[in-house]
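>>> Can you look at this prediction? I've put the sequence above it.
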Amino acid sequence: MIANFFNKSRPINFLVLFILSFFVYIIASIFNFNVDFTTSSFIKSGLHYIFYLLLIFLHNFITRKNSLTDANTYALFIFILLFAIFPTSITNQELLISNLFLFFSLRRIYSLRSSKEEISKLYDAGFWIGVAFLFYSWSILFLILIYIAILVFRKLKWNYFIIPIIGFITPIFLYFVYLLLFGNELLLIDKWIFEVSFDFSNYNILSLLFPLGIVLVFIFWAIYPSLNQLLNAKREFKATFTLLLFHIFIVIVVIFISPTKDGAEFLFLFFPFSILLTNYLQTVKDYWFKESILILFILLSIGVYLLP
């Protein structure tokens, strides 16, 4: 029933997903926000909700515009459930805003498969990563994804390798000028301090360890059949899927070295994982197996609040 419903892309699907996203946000906020019922608290919560909705909207836009999945709503459904599974991702302001700007960059990176406005796309992709970098330093690693896109989509012009760097530097330079005007230019140095943590003790908490284990299992489970499908696919799909795999690899590196290890860092994984799992579900012929996977993620999104 769930698999059949989300196998379509109709207005009713998006209405249900919007309602689901609202309840996910409310529940995650209750468990993670320190609500003090002040004006500033409500404003902060409201801004988080807007950023959260924008991420959902951009996820759908990028997926549809670049045909990353078939015409279904599995990816968006999984994406929203991941916020429930890792609720701290909603309440970490820096990571939420950084991911929002990274989504603007991903919109341009994945659209490089088209030959239109290539220079503009490369500049914009670098620019938005530069903005994301100002909120979360390790966002700089996503510059690598632009160059992988240049290679897999065969945009091999010498100036194409320089344009993303120019785009990346632009917001940082503008930020420096802003700081200079107010005599706070030394604050820019803090952005270039890359904190690293290899303390994974937080992952021993059952409410984090269990969903993390499930997600990792499905990453490896979904990659193999998808690779088999890739061998017989058209060149454009091969390039896009190759880019997606490198995207997941970069995200894993970011998570591994991230100084924040409370579950919020998995926000970087939500987009590529939801696309990967959806492509896997599209290959599954057994209806009940597909249904079971979706039910598992629903139960997981509820169970994390019951685990210690």
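Thanks, I have the structure now.

>>> for this protein, what helix or strand is lowest in average pLDDT?
The weakest-scoring helix or strand in the chain, judged by mean pLDDT, DSSP states H and E, is helix 187-191 (a mean of 78).

>>> List the buried residues in that helix.
188, 191 (16 or more other Cβ atoms under 10 Å). C-beta here means a position set from N, CA and C on the backbone, and glycine is covered the same way.

>>> Tell me which other helices or strands that helix touches.
With contacts defined as 3 or more Cβ pairs under 8 Å, 6 or more residues apart in numbering; DSSP states H and E, helix 187-191 has these neighbours: helix 163-181.

>>> cutoff 10 Å now
helix 118-135, helix 163-181 (3 or more Cβ pairs under 10 Å, 6 or more residues apart in numbering; DSSP states H and E).

>>> Which of those sits closest to residue 288?
Residue 288 lies closest, by Cβ to Cβ, to one member of these: helix 118-135, at 40.8 Å.

>>> helices or strands next to the closest one in the packing?
Against helix 118-135 (3+ Cβ pairs under 10 Å, 6+ apart) you get helix 93-110, helix 143-152, helix 163-181, helix 187-191.

>>> low-scoring pLDDT stretches of the stretch 201-308 of the chain, where are they?
Applying pLDDT under 70 to the stretch 201-308 of the chain flags the ranges 226-236, 307-308.

>>> what about the helices in it?
Remark: helices assigned in the stretch 201-308 of the chain by DSSP state H, counting those that start in this stretch are 206-231, 235-257, 267-281, 287-303.

>>> buried residues in the second one?
Think helix 235-257. Neighbour count says helix 235-257 has 237, 239-248, 250-251, 254-255 buried, by 16+ other Cβ under 10 Å.

>>> of those residues, closest to residue 176?
residue 254 (24.4 Å).

>>> any idea how far residue 98 is from the closest one?
10 Å (Cβ to Cβ, to the nearest Å).

>>> Pull up the overlap in contacts between the two.
Counting by Cβ atoms under 10 Å, 6 or more residues apart in numbering, the residues touching both residue 254 and residue 98 are 136, 138-139, 142, 268.

>>> tell me which element residue 72 is part of?
Counting by DSSP states H and E, there is no helix or strand that carries residue 72.

>>> For it, give me phi and psi.
phi -140, psi 180 (degrees, to the nearest 10).

>>> Now for it: which residues touch it?
Applying Cβ under 10 Å, 6+ apart, the residues near residue 72 are 3, 5-9, 13, 63, 278, 281-282.

>>> tell me how far the ends of stretch 187-198 are from each other?
26 Å (Cα to Cα, to the nearest Å).

>>> Name the surrounding residues that touch that stretch.
133-138, 140-141, 172-173, 175-176, 178-180, 256-261, 265.

>>> repeat that for 8 Å
Residues outside stretch 187-198 that contact it (Cβ atoms under 8 Å, 6 or more residues apart in numbering) are 133-134, 137-138, 172, 175-176, 179, 256-261.

>>> The residue nearest to residue 14 when sequence neighbours are not counted: neighbour count?
Taking Cβ to Cβ, 6 or more residues apart in numbering, and ignoring the residues beside it in sequence, residue 14 has residue 73 as its nearest neighbour in space, at 7.2 Å. Look at residue 73: counted by other Cβ atoms under 10 Å, it has 24 neighbours.
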